[in-house]
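Novice: Sequence first, predicted coordinates after that:
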Amino acid sequence: MKQLRVLFVCLGNICRSPTAHGIFERRVAEAGLQDRILIDSAGTGDWHVGRVPDSRASAAALKRGYDLSHLRARQVRPEDFLEFDYLLAMDQQNLWDLQALALPEFAGHLGLFLDFGNSPLKEVPDPYPGGEEGFEAVLDLVEDATSDLLAHLCGQLD
Ligand code: 4NP
């Protein structure tokens, strides 16, 4: 049975990538594909390793029905390039950092998360230094892009 493994990556792994992780996990479970599409998230930085998502990200997600409380931050590691088929960066700096870490044998998809979805934005703006509206914007972008990502991956599983 073919499986696809998806890793969402941001800087701290406490705001954007755990939001994408939690929302996509729900979408995949609703589609009954939890054994075919495996999901994780990580940060390029190590400051928040082991921590739960930022309380503002968790609260905003919970208001839309997504529970992020089981997630813990971890840092990207070189083996991720052997273990994942899709590494999806939240912004251009995350993508550059991943490109610098990539193993030569990596044959998967490394790109921007917002290459999926319909937003004119190509990066998910970092909400960490700002207010609540930034976390709502992250949720809007992630909800849109995850729908398109799921449709794309379903096409790969056929
Ligand atoms: P994230 O947001 O990359 O979406 O998790 C950030 C979290 C923490 C920091 C920066 C961005 N920080 O500088 O600690």
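Specialist: Thanks, I have it.

Novice: okay, CA-based contacts and neighbour counts for the rest of this
Specialist: Will do.

Novice: Isn't residue 92 up against residue 112?
Specialist: Yes. When contacts are counted by Cα atoms under 8 Å, residue 92 is listed as touching residue 112 (7.2 Å).

Novice: Between these two, which contacts overlap?
Specialist: residue 123 (Cα atoms under 8 Å, 6 or more residues apart in numbering).

Novice: which residues sit in contact with residue 8?
Specialist: In this structure, residue 8 makes contact with 17-18, 20-21, 39-42, 87-90, 113, judged by Cα under 8 Å, 6+ apart.

Novice: Show me what the longest helix anywhere in the chain is packed against.
Specialist: Here the longest helix in the chain is taken by residue count, with DSSP state H as the criterion, and it is helix 132-157. Using 3 or more Cα pairs under 8 Å, 6 or more residues apart in numbering; DSSP states H and E as the contact test, the elements touching helix 132-157 are helix 16-30, helix 55-63.

Novice: for the ones you listed, which one ends up most surrounded?
Specialist: Comparing the helices and strands packed on helix 132-157 by mean neighbour count (mean count of other Cα atoms under 10 Å), helix 16-30 comes out on top with a mean of 22.

Novice: Quick check: residues of this protein near the ligand?
Specialist: 10, 11, 12, 13, 14, 15, 16, 126, 128 (Cα under 6 Å from any ligand atom).

Novice: Which among the helices and strands packed on helix 132-157 is found nearest to residue 98?
Specialist: Distances from residue 98 to each of these were compared using Cα to Cα; the shortest belongs to helix 16-30, at 14.0 Å.
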